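Q: Predicted model, plus sequence, below.
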Amino acid sequence: MYNASFNVLGLMSGTSLDGMDAAVVQFSNVTDPHWKLLYFKCLPYPEALKKQIEAAYENASLSDKASAAFAQWSIDVIQAVQADFDGTIDLVASHGQTIFHKPEKKFTYQAGCLPEIATATKLPLVTNFRVQDVLLGGQGAPLVPFGDHKLFGTYEAALNLGGFANCSIGSPLLKDGVSVAFDICPANRILNTFARELGQDYDKDGLLARQGRINPWVLDQLNSLPFYDLPAPKSLGQEWIDKTFIELVDILAPKDALATCIQHIADQIAQQLEGKRTLVTGGGAFNRTLLQAIEENNVPIVLPEKTIIEAKEAIVFALLGFERFMGRANVIGTTTGSGIWHSSGTIFHP
């Protein structure tokens with residue numbers, strides 16, 4: 001039905017709102033795919049769109065306009081990749097931009113998951129990966145563990161330091177293996193907030209945090225938040241930061257807030273991963289101060305090459321799109337809470 005190789009463009013824009021990761025991944029051997037990263041680029045988030053998305057966080061009535069704008073940017077990104085990539089793209093897999101995520105109410109909404117993308121680019125599209133799992137009673141997250149263990153080898157745990165820190169422990173691909181996956185705590189989403197107060201988009205290498213002081217009282221309050229006592233599977237969204245987290249740390253000067261949050265992130269990661277050999281990816285893997293704090297909490301970390309650190313989530317969503325397009329399961333319900341393996345994502349044809 002298909003050629004021996006199949007090129008999928010995975011698009012991932014996380015809650016940090018720093019850019020769109022675009023990865024073209026070649027899958028060969030359709031039934032048990034091997035993979036190769038052919039192309040990767042991160043395209044910066046347009047400032048006007050970022051403001052639209054942030055406004056939609058606050059006002060649900062703005063979601064439709066934000067979704068249309070995000071879809072148009074997705075089209076622009078795909079066309080830019082097509083012009084830059086020396087090869088053929090057979091399929092697009094787009095995560096979309098999460099605006100609301102309330103799985104306890106069976107509701108999750110990713111902007112930009114629209115059929116116009118397929119129509120404009122003349123490429124089939126897989127999107128809306130989270131909705132089905134939420135309707136089945138799961139968290140709709142994390143989805144990345146499927147790719148962690150299928151694509152990146154054997155580790156005791158995999159940790160992604162994106163807008164939120166999330167992990168998978170064990171191998172959910174082994175039917176007799178013990179596995180769990182969940183969001184741990186906020187990460188870049190909260191760190192970038194305080195970096196912006198200091199005129200920076202993010203805290204490069206964690207240098208600003210190094211200039212701050214950890215506030216023990218605030219750290220204790222953060223570490224005592226009820227979310228951390230909940231059993232997995234569990235997931236976080238921007239609304240939790242706004243309603244629960246930010247008020248505890250917003251009383252601090254920005255550099256002290258950064259220092260305190262980094263220690264909090266490291267503490268929460270250690271609660272889950274202490275002593276486990278852990279593959280670390282995501283933008284936070286470049287924050288040396290954060291990595292040092294994690295290692296000092298007895299979490300042995302392994303860093304892949306720079307491109308894989310940056311591209312991993314886009315690579316994984318390329319895989320999820322490929323598996324969905326082939327009609328195979330791409331969600332591990334035992335890690336999301338839905339309880340069943342299933343094939344999730346909406347397919348739009350040109």
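A: Yes, it's here.
Q: number of nearby residues for S28?
A: The number of residues packed near S28 is 13, by other C-beta atoms under 10 Å. C-beta here means a position set from N, CA and C on the backbone, and glycine is covered the same way.
Q: ok, now T336?
A: Neighbour number of T336 under other C-beta under 10 Å is 31.
Q: Run a quick check on it versus A141, I expect a contact.
A: Yes. Between T336 and A141 there is a contact at 6.5 Å, judged by C-beta atoms under 8 Å.
Q: And the contacts of the strand or helix carrying A80?
A: According to DSSP states H and E, A80 maps onto helix 63-84. Residues external to helix 63-84 that are found in contact with it (C-beta atoms under 8 Å, 6 or more residues apart in numbering): 9, 11, 13, 20, 22, 24, 39, 41, 43, 46, 49, 52-53, 55-56, 89, 92, 94, 96-97, 99-100, 109, 111-114, 116-117, 120-121, 123.
Q: what's the average pLDDT for it?
A: Mean pLDDT, computed over helix 63-84, is 97.
Q: Name the residues of that helix that come out as buried.
A: Neighbour-count burial for helix 63-84, counted by 16 or more other C-beta atoms under 10 Å, picks out 63, 66-67, 69-75, 77-78, 81-82.
Q: show me what contacts D133?
A: 139-140, 143, 331, 333, 336, 338, 342, 344.
Q: what's the answer for F194, then?
A: Here F194 is in contact with 203, 208, 254-255, 257-258, 261 (C-beta under 8 Å, 6+ apart).
Q: Tell me the one of these nearest N128?
A: If you rank those by distance to N128 using C-beta to C-beta, C261 comes first, at 31.8 Å.
Q: tell me the SS of the closest one?
A: helix (DSSP: H, G, I helix; E, B strand; the rest coil).
Q: before we move on, the earlier item: got a PyMOL select line for the buried ones in the contacts of helix 63-84?
A: Filtering the contacts of helix 63-84 down to the buried ones (16+ other C-beta under 10 Å) takes a single PyMOL command:
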select buried, resi 9+11+13+20+22+24+39+41+43+46+49+52+53+56+89+92+94+96+97+99+100+109+111+112+113+114+117+120+121+123
